[in-house]
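[1] Build me a model:
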Amino acid sequence: MIRRHQGLLNMANFLLDTGLVFASYLLAVWLRQGVLTDAVLTMQELLQLHYILGALLYACVMGVAYVALRLYGSFRFQRFWQEAATLAVANAVGTLAIGTGLYLFRLTDFSRLTLLLLYLISTVLVILKRVMLRGILEHYRSLGYNTRTLLVVGGGEHACGYMQHIRDNPQYGYRLLGYIATSPAEKTNEAYLGGYEEFHKRVSTRAVDHVVFCMRHTETATMGAMIAACGRYGAKASVIPDYNEFIPSRPTVELAGEYKLVNVRSTPDKGPVWTFIKRSMDVVGAAIGLMLASPIMLVTAIAVKRCDGGPVIFAQERVGKDGRHFKMYKFRSMYRDAEARLAELQKYNQVDGPAFKMVNDPRITPVGKFIRKTSIDELPQLLNILKGEMSIVGPRPPLPREVAQYSDWDWGRLAVKPGLTCYWQVSGRSDVSFDEWMRLDLKYVEEQGLWTDLKILFKTVAVVLRGDGAY
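    Coordinates of the predicted model:
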């Protein structure tokens, strides 16, 4: 039943997309050849054969492209911005391709402005349609319609966490039947349906749409037979492996003969285009930031100097990308003997791991408390960004003594340039445990990109204004 409904929805979605693209072509022509030229382009003229053929050709090609890019299906877990970005890129390539074809074969008159209007109108209309469709589907799924029945296999930590995530997100549209495992799990209140011997009985009724396997590595001997049963009885099968925390957000699979290699860790090289965009954002952002913040920095420098007569800037050795050391600049927020007093205060450390954080640290000056709370002490690092030692967004640069205690896993955060802000800063800062801090930094290493950076920057503004986790 679900598969039939999904097929009908996919077909309707496809027809709507191609219809909107077809209408976008004609609308672009009407705007360019009529409205923008003060000419009168009648409906009869707009529906001439060469305009219709051009619109049909464009709509059909884009429809095929959308299908090839797998833009039709169930996207219950996919973030919308990923779908929107794929549509925007596909439309850009399609517009250029169709424009080239129309020019070469002289199917119709066109201009670069027509192509630009075509791209903008078609992209906006298709994305708006998908926003509305997602909203409607999520609303009805939350009410219990268009749901899929879900069975979880396993009772470990990942199984319990996944079931709770499904329960907390009714917009996914899953009706959780329960879980089967060797014994009832203590960390969940979901229905325990029995041991693994019950699996075949449950799935053979064809009442299960989706099976998620969360079995421990010591329990996977029977998984192959269970997955085969899913195929026989029409249930989708997914696996959350026991090593789930090692898998990046976008894993890749390579084939070596009959063996599948799941790449879980590699050098995070996002290519020269992202490197250029990232550096351009850093240079422009740091330059603008220095100009806008210069009055604040001047007042801060005077306040720090008058507080105890010490130096205004505190230059401290930090560890950057690939373990390279550099001098990081901050407005001095502590008394001049702060480093010497660190050993005596270690017993008051309020965070785990090699880092040191302490509420009401006696080494912090009165001025220091304010500039730390407002993050003004970090502004001199805009100079580090201009020098190429840091980035606006990236994991915070650690101290050499902290890096000396890193595990191989923790070292992964040094694969990118350190930055002013990252997931850690927008997730609680000093209130976050060391292990969670490392996990968040490694998450950024995997997910770094334009949208990720912009999202972190917007969240950082709110965090700084509230002063969350800053001490």
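[2] how many neighbours does Ser433 have?
    Ser433 has 12 neighbouring residues, counting by other Cβ atoms under 10 Å. (Each C-beta comes from the backbone N, C-alpha and C, glycine too.)
[3] Next one: it from Ala355, what distance?
    10 Å (Cβ to Cβ, to the nearest Å).
[4] Could you do Leu15 as well?
    In this view, Leu15 and Ala355 are 56 Å apart by Cβ to Cβ.
[5] neighbour count winner among these two?
    Neighbour comparison, Leu15 and Ala355: the larger count goes to Ala355, with 16 against 11 (by other Cβ under 10 Å).
[6] A helix includes Val253, no?
    No: assessed by DSSP: H, G, I helix; E, B strand; the rest coil, Val253 does not belong to a helix; its assignment is strand.
[7] where do the helices sit along the stretch 251-400 of the chain?
    Listed in chain order, the helices of the stretch 251-400 of the chain (DSSP state H, counting those that start in this stretch) span 272-308, 338-345, 366-373, 381-386, 400-403.
[8] okay if I get the ones you listed as CSV plus mean pLDDT and distance to Trp81?
    What follows is those, written out as CSV (pLDDT from 0 to 100; distance: least, Cβ to Cβ, whole Å):
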stretch, mean pLDDT, distance to Trp81
helix 272-308, 91, 16
helix 338-345, 77, 43
helix 366-373, 88, 32
helix 381-386, 96, 26
helix 400-403, 91, 34
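[9] and Ser238, which of the three is it?
    What three-state DSSP gives for Ser238 is strand.
[10] Quick check: the gap between the nearest residue to it once chain neighbours are set aside and Arg79.
    Distances taken as Cβ to Cβ, 6 or more residues apart in numbering place Val212 nearest to Ser238, at 4.9 Å, with adjacent residues excluded. Counting by Cβ to Cβ, the gap from Val212 to Arg79 is 19 Å.
[11] quick one: least confident helix or strand in the chain?
    Here the helix or strand of the chain ranked lowest by mean pLDDT, DSSP states H and E is helix 43-46, holding a mean of 63.
[12] Distance from the helix or strand that comes right after it to the middle of the chain?
    Per DSSP states H and E, the first helix or strand lying C-terminal to helix 43-46 is helix 49-68. Computed by Cα atoms, centre = their mean, to the nearest Å, the chain-centroid distance of helix 49-68 equals 32 Å.
[13] So for the following helix or strand past helix 49-68, what gets flagged as buried?
    Using DSSP H and E, the helix or strand that follows helix 49-68 towards the C-terminus is helix 80-105. Neighbour counts over helix 80-105 (16 or more other Cβ atoms under 10 Å) mark 83-84, 87, 90-91, 94-95, 98-99, 102 as buried.
[14] Save these as TSV, and put in distance to Asp242 and pLDDT too.
    Listed next are the buried residues of helix 80-105 as TSV, based on distance: Cβ to Cβ, whole Å; pLDDT from 0 to 100:
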residue	distance to Asp242	pLDDT
Glu83	30	81
Ala84	34	84
Leu87	36	86
Ala90	37	87
Asn91	41	86
Gly94	42	83
Thr95	46	82
Ile98	48	71
Gly99	51	69
Leu102	54	64
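[15] Tell me the one of the residues you listed nearest Gly394?
    Nearest to Gly394 among the buried residues of helix 80-105: Ala84, at 25.2 Å, using Cβ to Cβ.
[16] so that closest one touches Arg130, yeah?
    Yes: using Cβ atoms under 8 Å, Ala84 is in contact with Arg130, at 7.4 Å.
[17] burial measure for Ile277, as a count.
    15.
[18] Buried deepest among the helices of the stretch 251-400 of the chain, which one?
    Greatest average neighbour count among these goes to helix 381-386 (a mean of 21), per mean count of other Cβ atoms under 10 Å.
[19] The helix or strand where Ile136 lies: what's the following helix or strand?
    Taking DSSP H and E as the criterion, Ile136 maps to helix 112-142. Note on helix 112-142: by DSSP H and E, the next helix or strand toward the C-terminus is strand 148-153.
[20] That next one to helix 112-142, inter-axis angle?
    Counting by axes from the mean of the first three to the mean of the last three Cα atoms, to 10 degrees, strand 148-153 lies at 70 degrees to helix 112-142.
[21] Can you give me the buried ones in strand 148-153?
    Under the neighbour-count criterion of 16+ other Cβ under 10 Å, strand 148-153 has 148, 150-153 buried.
[22] Name the residues that touch the next helix or strand after it?
    Counting by DSSP H and E, the element after strand 148-153 in chain order, helix or strand, is helix 157-168. With Cβ atoms under 8 Å, 6 or more residues apart in numbering as the contact definition, helix 157-168 has outside contacts at 150, 152-153, 172, 174, 176, 179, 181, 185, 187-188, 190, 212, 214, 240, 242, 244.
[23] sorry, back to before: which one of Val212 and Arg79 has more residues nearby?
    When Val212 and Arg79 are compared for neighbours, Val212 comes out ahead with 22 against 10, by other Cβ under 10 Å.
[24] mean confidence score for the helix or strand hosting the more buried one?
    Val212 is part of strand 210-213 when elements are defined by DSSP H and E. For strand 210-213, mean pLDDT rounds to 94.
[25] Is Met11 in a helix, a strand, or coil?
    Met11 ends up helix, using three-state DSSP.
[26] quick one: contacts for the nearest residue to Phe199 once chain neighbours are set aside?
    Take Phe199 and drop its neighbours on the chain: the residue closest to it by Cβ to Cβ, 6+ apart is Met226, 5.4 Å away. Met226 makes contact with 153, 196, 199-200, 203, 211, 213, 237, according to Cβ under 8 Å, 6+ apart.
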